[in-house]
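>>> prediction below, plus the sequence it came from.
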Amino acid sequence: MFTATERLRAYARLFAKTFENDRRICVCGMLGAETDALPEGIRAEVGKSFKLSAAWLESVIAQGQGAGELRPEQPASNLSALWLGALEGSMLVGRGLGGYQSPDAIAETLMASWKK
């Protein structure tokens, strides 16, 4: 079984691999930025995707907190929103700045502040 840290890093790596391909942004990030302009059906599916990711992240973070791997000071639900927002945001900012730091680097910075 993988540790919470390993699972979070693997998740961040998905974002990094996407961004490494000509600074592309994940589809949900692009659609999420434009939800008000989307038809209701697509908007609902984008919302489901974000909720699914946030729920998975919350469970992984809670597992890590329960195992003593990650600090328990903040609710896992808040940390999952922070993790997802940081990864999505790193792609947007990275594109706007023409390179910036990869989602991997942002994830490692967050992880360092969460580890015991």
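It's in.
>>> end to end, how far does stretch 22-30 reach?
15 Å (CA to CA, to the nearest Å).
>>> give me the contacts around it.
15, 18-19, 46, 49-50, 53, 88, 91-92, 94-95, 98-99 (CB atoms under 8 Å, 6 or more residues apart in numbering). To be clear about C-beta, it is placed using only N, CA and C from the backbone, and glycine gets the same treatment.
>>> again, only using 10 Å
Residues outside stretch 22-30 that contact it (CB atoms under 10 Å, 6 or more residues apart in numbering): 14-15, 17-19, 31-33, 45-50, 52-53, 84, 87-92, 94-100, 102-103.
>>> pull out the buried members of the residues you listed.
15, 18-19, 31-32, 46, 50, 53, 84, 87-88, 90-91, 94, 100, 102-103 (16 or more other CB atoms under 10 Å).
>>> point to the residue nearest the middle of the protein.
Closest to where the C-alpha atoms of the chain average out (CA atoms, centre = their mean) is Leu84, at 2.6 Å.
>>> how about the contacts made by that one?
Counted by CB under 10 Å, 6+ apart, Leu84 has contacts Tyr11, Phe15, Cys28, Gly29, Phe50, Ser53, Ala54, Trp56, Leu57, Glu58.
>>> check Gly64 too.
Residues near Gly64 by CB under 10 Å, 6+ apart: 3-8, 70-72, 76, 79, 111, 114-116.
>>> helix or strand for it, which one?
Gly64 belongs to helix 40-66 when assigned by DSSP states H and E.
>>> tell me how far that helix lies from the chain's centre.
10 Å (CA atoms, centre = their mean, to the nearest Å).
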